[in-house]
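J.: sequence first, predicted coordinates after that:
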Amino acid sequence: MKLKLLTITFLGASLVACGGGGGGGGGGGDTTVAYQLTARINGVDVPNFVVKPGESKVLGLTTGQDVEIIASAPSTVLTTDNGVASAEVLANTATNYRARFTTSQHTIAKRVFAQSTNPLNTAGVTITVSSSDTSFGAVTPKVGDRFTYAETDKTLAGTTVPFPLSTHVVTAVTATGWNEEFVNPGPTVMSIVNFNSRGNRVGYQATANDPNGCKDARFNPEEKLLEFPLFQGKVYNSNWTTTCATDSQLETFSATVGAYEQVTTAGGVFKAFRIETNTVVSNSTDTRLPGRGYQQKVTVWFDPILGRNVKYSGQRTYPLGAPASNVAQFFLTDTTIDLVNVVKN
C-alpha cells in the first residue's frame, strides 16, 4: 500500500485537531434573499466578515471586547449561548445586537439570528473569547460539530487540483478520544478518522478514497502534531510509525508555536496560533520515490479555543530526487486548506 499517496485532505485533517463546545448556525433558508450579517469589534468594522443564510462563521474576541452584529434586515435572536463568559447586552434592536464579553477562562459563545420576515433564513456567529491566560489546553468536541474545508493542491507535474468541499463531522466522543466522518458533497463519506483526547490522529479507515491507497492506517503511538499546553514560543518534537497492512514508515516531526494572531478565511475572523512545522519521511513505502524520502514544511494557523486548524499552507520537497515525470502527477508540491464554515453544537 502506498501510504503517502493519500490525498492531502488527510494531512490537513490530521492537523485539524480537537473540537470544542459552543453553537452552530442555520441550515436551509432562501439564500437568494439579500439578508446577511456583518460585525464590528469595539466599534470597528470587521473586514471581510459576512454571514449569509445557511452559513455559520467564527469571530474571535479577547475578554472585555464588544461585539456588534449588524443585520441587513430585521432579525430575531434564536440562540443565545455564552459558554462560561459573561455577556453584557449593550444593544438589542431588530438590526443591531451588541454585547461585551468578559471571561476568566477561554470559551465559546454562540448567537444564531433569523430574518423576521422569513424565519427559515438563519445565520450563525460562533464567538471565541480568549481570557488573559496565554496558555491553552486541549479541547473536546461535541457529537454533531461540523467543520467544512476548501482545499487546493499542486502536483510536481504543475497541475492545480481543486478538491470538493470536505466536511468533518464529529460522530462519537469517549473519554479517550473521538471519531469523525470526512464527508464530500453528495454526501459521500470518504473516511472515518480516529483521534485521541489530545486531538492527534491514531487511525483512519478509508471508505471511498483512492482504490490503490491505504484503506486502514494506524499511527503508533500517535500522529503527534499537537502538544498541550500550547503557548507562544513553545517548541516540540515527535515521531511515529504509520502502518498500513504490512507496510510501515517512520515520520519525524518538529513544531514551533508562533504568534497568537488574527487570521481571516471564508469561515470567519479567528484568533489563532501560527505554528511552523517540519515533517521528514525517510523510508516511504512508495518505491517510485527516489531515496524513499521527502520533507514537508507547513505553516498552520490553529485556533486553540475552537480546537481546529483554520488555515494551512504546506510545501513538499524531495531532497533525495524528484519522482519520474511519468508519475509526477501523483506527487504533491503545494497545498492550501481553509476553514469555510463551522457548525457547533
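T.: Alright, I've got the coordinates.
J.: for the residue nearest the centre of the chain, name its beta-bridge partners.
T.: The centre of the chain sits closest to N309, judged by Cα atoms, centre = their mean, with a distance of 3.6 Å. For N309, the beta-bridge partners are F302 (DSSP bridges).
J.: hmm, it is touching F302, no?
T.: Yes - assessed by Cβ atoms under 8 Å, N309 is found in contact with F302 at 5.3 Å. (C-beta placed from N, C-alpha, C; glycine too.)
J.: ok, T117 - how many residues close by?
T.: Neighbour count for T117, taken as other Cβ atoms under 10 Å: 11.
J.: ignore what I typed, I meant H168.
T.: H168 is flanked by 24 other residues according to other Cβ under 10 Å.
J.: ok, now R218?
T.: R218: 18 neighbours (other Cβ under 10 Å).
J.: for S130, same thing?
T.: 22.
J.: now for the closest residue to it other than its chain neighbours: which residues touch it?
T.: Ranked by Cβ to Cβ, 6 or more residues apart in numbering and with sequence neighbours excluded, the top spatial neighbour of S130 is T62, at 4.7 Å. If you count contacts by Cβ atoms under 8 Å, 6 or more residues apart in numbering, T62 has them with 129-130, 271.
J.: where in the stretch 151-300 of the chain is pLDDT low?
T.: The stretch 151-300 of the chain contains residues with pLDDT under 70 at 208-212.
J.: okay, helices next: where are they in the chain?
T.: 8-15 (DSSP state H).
J.: got the domain ranges for it?
T.: With domains defined by automatic domain parsing, the chain comprises 3-20+139-343, 37-130.
J.: and stretch 55-66, how far from the chain's centre?
T.: 17 Å (Cα atoms, centre = their mean, to the nearest Å).
J.: tell me the mean pLDDT over it?
T.: Mean per-residue pLDDT for stretch 55-66: 97.
J.: so for that stretch, what gets flagged as buried?
T.: Applying a neighbour-count criterion of 16 or more other Cβ atoms under 10 Å, one finds 55-63, 65-66 buried in stretch 55-66.
J.: now do the end-to-end distance for that stretch.
T.: One end of stretch 55-66 sits 22 Å from the other (Cα to Cα, to the nearest Å).
J.: please apply the same query to stretch 51-68.
T.: 13 Å.
J.: which residue is the nearest non-sequential neighbour of L78?
T.: Here the residue nearest L78, using Cβ to Cβ, 6+ apart, is V112, at 4.5 Å.
J.: just give me the neighbour total for the one you found.
T.: By other Cβ under 10 Å, 21 other residues sit near V112.
J.: which stretches of the stretch 51-200 of the chain form strands?
T.: Using DSSP state E, counting those that start in this stretch, the strands found in the stretch 51-200 of the chain span residues 56-62, 66-71, 75-81, 86-92, 96-102, 107-115, 118-130, 146-155, 160-162, 166-174, 177-184, 188-196.
J.: what residues of the last one count as buried?
T.: Going by neighbour count (16+ other Cβ under 10 Å), the buried part of strand 188-196 is 190-196.
J.: so for A322, which of the strands of the stretch 51-200 of the chain sits nearest?
T.: Closest approach to A322 among the strands of the stretch 51-200 of the chain (Cβ to Cβ): strand 146-155, 11.3 Å.
J.: could you list the buried residues of that closest one?
T.: For strand 146-155, by 16+ other Cβ under 10 Å, it's 146-151, 153-154.
J.: who does it pair with, and is each partner parallel or antiparallel?
T.: strand 160-162 (antiparallel), strand 166-174 (antiparallel), strand 332-343 (antiparallel).
J.: check contacts around I70.
T.: Contacts of I70 (Cβ under 8 Å, 6+ apart): 37-40, 95-96.
J.: if you could redo that for N341, that was the one I meant.
T.: Shown in contact with N341 (Cβ under 8 Å, 6+ apart): 25, 55-57, 146-148, 167, 266-267.
J.: one more: V327?
T.: Applying Cβ under 8 Å, 6+ apart, the residues contacting V327 are R288.
J.: and F253, what does it touch?
T.: Going by Cβ under 8 Å, 6+ apart, F253 touches 224-225, 237-240, 277-280.
J.: from these, which land in strands?
T.: Within those, residues falling in strands by DSSP state E are 237-240, 277-280.
J.: that's all I had, so thanks and see you.
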